[in-house]
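K.L.:
sequence below, structure please.
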Amino acid sequence: MCAFLLTNVEKAMDLTLVHQFLHDISVAPYKLLDQVKRWVTSP
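P.N.:
As a prediction, the model looks like this:
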């Protein structure tokens, strides 16, 4: 599974940070993402 984040924030959001957020909101471990892609503009 992959997440595409649309943001203009320059700070990189890494996979570890996303995993921690998902864990904090009780998302099941098997639903965690494999990769994160950052977009600055919407396609």
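
K.L.:
all contacts plus neighbour counts: C-alpha atoms, from now on.
P.N.:
Fine.

K.L.:
so which residues of the chain form strands?
P.N.:
Assigned by DSSP state E, the chain shows strands spanning 2-6, 35-39.

K.L.:
now mean pLDDT and distance to Ile25 too, for the ones you listed, in CSV please.
P.N.:
Shown next, in CSV, are those (pLDDT from 0 to 100; distance: least, CA to CA, whole Å):
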stretch, mean pLDDT, distance to Ile25
strand 2-6, 74, 16
strand 35-39, 77, 18
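
K.L.:
among those, which is nearest Ser26?
P.N.:
Proximity to Ser26, assessed across those by CA to CA, is greatest for strand 2-6 (17.3 Å).

K.L.:
report the angle between the closest one and strand 35-39.
P.N.:
20 degrees (axes from the mean of the first three to the mean of the last three CA atoms, to 10 degrees).

K.L.:
what about the spatially most central residue of the chain, distance to Trp39?
P.N.:
For the chain, Val18 is the residue whose C-alpha lies nearest the centre (CA atoms, centre = their mean; 4.4 Å). Separation of Val18 from Trp39 (CA to CA, to the nearest Å): 15 Å.
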